[in-house]
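Trainee: predicted model and sequence follow; I will ask about them next.
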Amino acid sequence: MTHSVRRIFVGFVVSVLAVAGCQSPTDPDETLEVDDFLEVNATPNPTTAIESTDGRTYRVVRGNNQPDDILVFDWKTAFTITATLNSQADDDDALEFPVSLTAVTVVVKQASGGIVTPPTGGEVERFDYVTNANTNVYPSVNSTVTIGLEVWYDLPSLRREALVTVNLSFTDDDGQAFTKTVDVRVAP
C-alpha cells in the first residue's frame, strides 16, 4: 500500500468513526429501567428492633496476641421483601424467562433521625442476617418472590435506629444481570 493510499484509508476510517460518534444517543424513553419492570416493597418500613435475646454473637479480633472478644448482638429486627416482575418485564423482550434471584446482601448503617451517621474513630457497625425466600425463580411476568429477613446488629452509637440496605441481584435466562436496592429504616 502506497503512502497516499494509506492516508486516504486512514482518512476514511477516521471519518467513519467520527460519523459513528456523532450519532444521537438512544432515546431514554426506549430504554427499560429496572424500576419500570421490578416492583420491590419492604414491610414493615420502618421496622422496629428489639433487644436480641437469642444469643447470636460476633467476633471482635483484638490482635497483638490478645484474645478475641465474642460479643452478643444488641438488636434484632425482621421484615419481608416482596419483589414482583410486572408486565413490562415482557415488553419488547426486555427479559428472557425464567429470571433468577441470584443474591441477597444486607448492609446495616447507624442512623439518627433517618440520616446515616457513619461511626468515627475506627468504630464499625457489626451485623449478621439470615434470609428465607419462598423461591428464587420468576417463571413468568407478574410472578413474585417473597424474602423474609432477620437482621442482628450492634452499632457504635449503642442505639437501635439504623438503615438496613438490601441489595437484590438477578439474572435472566440469557445471562442479562440487573440489581435493585431497597432501604429499610429501623425506628429509634
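Mentor: Structure received.

Trainee: which residues in this protein form strands?
Mentor: Secondary structure of the chain (DSSP state E): strands at 38-43, 49-51, 57-60, 69-72, 75-85, 99-112, 115-116, 126-133, 137-138, 143-154, 162-171, 177-186.

Trainee: Asp91 is nearest to which of those?
Mentor: Counting by C-beta to C-beta, Asp91 lies closest to strand 75-85 out of those; the figure is 11.4 Å. For glycine as for every other residue, the C-beta is placed from the backbone atoms N, C-alpha and C.

Trainee: for the nearest residue in space to Ala78 that is not next to it in sequence, grab the count of nearby residues.
Mentor: In space, Ala78 comes closest to Glu150 once its chain neighbours are excluded; the distance is 4.8 Å by C-beta to C-beta, 6 or more residues apart in numbering. By other C-beta atoms under 10 Å, the residues close to Glu150 number 15.

Trainee: test my guess that Glu150 contacts Lys76.
Mentor: Yes: using C-beta atoms under 8 Å, Glu150 is in contact with Lys76, at 6.7 Å.

Trainee: so where's the protein uncertain?
Mentor: 1-32, 92-93 (pLDDT under 70).

Trainee: show me what contacts the residue sitting nearest the centre point of it?
Mentor: For the chain, Asn167 is the residue whose C-alpha lies nearest the centre (C-alpha atoms, centre = their mean; 2.0 Å). By C-beta atoms under 8 Å, 6 or more residues apart in numbering, the contact set of Asn167 is Ala103, Val104, Thr105, Val106, Val107, Thr179, Lys180, Thr181.

Trainee: quick one: the second one from Glu123, how far?
Mentor: Distance check for Val104 against Glu123: by C-beta to C-beta, to the nearest Å, it reads 26 Å.

Trainee: flag every buried residue along stretch 64-76.
Mentor: Phe73, Asp74, Trp75, Lys76 (16 or more other C-beta atoms under 10 Å).

Trainee: would you mind writing the CA trace of that stretch as CSV?
Mentor: Coordinates of each C-alpha in stretch 64-76 appear next as CSV, following Å, rounded to 0.1, in the frame of the first residue of the first chain:
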residue,chain,number,x,y,z
ASN,A,64,-1.3,-8.4,69.4
ASN,A,65,-1.7,-11.8,70.9
GLN,A,66,-4.7,-10.7,72.8
PRO,A,67,-7.8,-13.0,72.8
ASP,A,68,-10.6,-12.1,70.5
ASP,A,69,-13.9,-10.8,72.1
ILE,A,70,-17.1,-12.7,71.4
LEU,A,71,-20.0,-10.3,71.9
VAL,A,72,-23.8,-10.7,71.7
PHE,A,73,-25.6,-8.5,69.2
ASP,A,74,-27.6,-5.8,70.9
TRP,A,75,-30.5,-5.6,68.4
LYS,A,76,-32.6,-7.7,66.2
